[in-house]
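In: heads up, no residue letters with this:
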């Protein structure tokens, strides 16, 4: 069962956050990244049409 490097890296970050009791901060950072990614994808899609 293979996983892409990004998945393994993300899981490691989550585990590290739990170990350090920083899960709330990490979740906020992931949400910011998620929102920026969606905005970036929207810009590409709409500019391309």
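Out: Received it, and whenever you're ready, just let me know what you need. Model, not experiment: these values are computed from the prediction. Residues are numbered from 1 along each chain as shown.

In: pLDDT of the helix or strand hosting residue 38, averaged?
Out: Of the helices and strands defined by DSSP states H and E, residue 38 is found in helix 23-48. For helix 23-48, mean pLDDT is 79.

In: how many other residues sit next to residue 30?
Out: 14 (other Cβ atoms under 10 Å). C-beta: built from backbone N, CA, C; applies to glycine.

In: State the distance from it to residue 47.
Out: Note on residue 30: its distance to residue 47, by Cβ to Cβ, to the nearest Å, is 26 Å.

In: same deal with residue 12?
Out: For residue 12 relative to residue 47 (Cβ to Cβ), the value is 34 Å.

In: Equivalent analysis for residue 34, please.
Out: On the measure of Cβ to Cβ, residue 34 and residue 47 end up 20 Å apart.

In: picking up where we left off before, the more surrounded of residue 12 and residue 47?
Out: residue 12 (10 against 7).

In: which phi and psi does that one have?
Out: Backbone torsions of residue 12, given as degrees, to the nearest 10, read phi -60, psi -40.

In: could you measure it against residue 32, distance?
Out: In terms of Cβ to Cβ, residue 12 sits 19 Å off from residue 32.

In: ok, now residue 38?
Out: Distance, residue 38 to residue 32, using Cβ to Cβ: 11 Å.

In: swap in residue 7?
Out: 20 Å.

In: How about residue 8?
Out: On the measure of Cβ to Cβ, residue 8 and residue 32 end up 22 Å apart.

In: Next: residue 43.
Out: The value you get for residue 43 to residue 32, if Cβ to Cβ is used, is 17 Å.

In: Pull the number of nearby residues for residue 10.
Out: Neighbours of residue 10 (other Cβ under 10 Å): 13.
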